[in-house]
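**Student:** This is a predicted model, with the sequence first.
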Amino acid sequence: KAGVTQTPRYLIKTRGQQVTLSCSPISGHRSVSWYQQTPGQGLQFLFEYFSETQRNKGNFPGRFSGRQFSNSRSEMNVSTLELGDSALYLCASSSGLAGGRANTGELFFGEGSRLTVL
Amino acid sequence: AQTVTQSQPEMSVQEAETVTLSCTYDTSESDYYLFWYKQPPSRQMILVIRQEAYKQQNATENRFSVNFQKAAKSFSLKISDSQLGDAAMYFCASGGSNYKLTFGKGTLLTVNP
């Protein structure tokens, strides 16, 4: 079974530009989450989608947005890039229907998209 | 809100020895999961071990085991017979009813031959 695929793996942008990152989840997974990873802040939750609906959103400005398509593939967009947006952006997928009473179960991560903003 | 704290930014262990990574968490939820993830230098995060909070028995996966102390909100990871391939960043994480995982800052584990 293919894992979580993220594209592009690396990209360089300049301040003020926008960027779109793509994530294809594991086949059959309906939940896709996005995390930003930086050396200073660690892993921070951006948002989670399930069946094209955003179920939770992290504490990021409105420049960060996302969406999910009917085939569960997801994209995230960052507009008006700032230097501080340089980070590794990780996508993770799951069934979205954890078997236990808590609904956030195991996540399967992609290799990430490394964004550098100059 | 959930918080996860890893107090050891770096740890080192000799090959074949045992090492314990510490993690404390705080949550207002009654049902939650706890995880240890490993991120090798290639960057892909992989699950090491998970624990359902409602289970008293500590989870074990081969050389990896946890010490889950629910009252103390402690969730440490023990790696036995350490191998060179265990060298990585280890993240403790918790997940509850809000569709997200909260991660600690991570512990960088070095394995010395």
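**Tutor:** Nice, I can see it.
**Student:** Give me the neighbour count for residue 86.
**Tutor:** Since no chain was named, I'll use chain A. Per other CB atoms under 10 Å in any protein chain shown, the neighbour tally for A:Ser86 reads 15. For glycine as for every other residue, the C-beta is placed from the backbone atoms N, C-alpha and C.
**Student:** Please refer instead to chain B.
**Tutor:** With neighbours defined by other CB under 10 Å, the count for B:Asp86 comes to 20.
**Student:** pLDDT weak spots in chain A?
**Tutor:** For chain A, applying pLDDT under 70 flags the ranges A:1, A:97-104.
**Student:** hmm, 90 instead?
**Tutor:** Within chain A, the stretches with pLDDT under 90 are A:1-2, A:40, A:94-106.
**Student:** Wait, B:Ile49 touches B:Glu61, no?
**Tutor:** Yes - because the distance of 4.8 Å satisfies CB atoms under 8 Å, B:Ile49 is recorded as touching B:Glu61.
**Student:** quick one, which of the two is more surrounded?
**Tutor:** B:Ile49 (20 against 12).
**Student:** The more buried one sits in which helix or strand?
**Tutor:** In the assignment (DSSP states H and E), B:Ile49 maps to strand B:46-52.
**Student:** What strands flank that strand, and is each parallel or antiparallel?
**Tutor:** According to DSSP bridges, strand B:46-52 forms sheet pairs with strand B:33-39 (antiparallel).
**Student:** pLDDT score for the most centrally placed residue in chain B?
**Tutor:** For chain B, the residue sitting closest to the mean C-alpha position, by CA atoms, centre = their mean, is B:Trp36 at 3.2 Å. pLDDT for B:Trp36: 97.
**Student:** Report the beta-bridge partners for it.
**Tutor:** B:Ile49, B:Cys92.
**Student:** For burial, what's the neighbour tally of the closest residue to A:Cys91 other than its chain neighbours?
**Tutor:** Nearest residue to A:Cys91, sequence neighbours excluded (CB to CB, 6 or more residues apart in numbering or on different chains): A:Cys23, at 3.5 Å. When neighbours are counted by other CB under 10 Å, A:Cys23 registers 27.
**Student:** Tell me the bridge partners for A:Cys23.
**Tutor:** In beta-bridge terms (that is, DSSP bridges), A:Cys23 pairs with A:Gln6, A:Ser74.
**Student:** Against B:Lys70, how distant is it?
**Tutor:** Per CB to CB, to the nearest Å, A:Cys23 is found 34 Å from B:Lys70.
**Student:** Mind listing what's buried along the helix or strand hosting A:Leu88?
**Tutor:** Using DSSP H and E, A:Leu88 maps to strand A:87-94. Of all the residues in strand A:87-94, those buried under the rule 16 or more other CB atoms under 10 Å in any protein chain shown are A:87-94.
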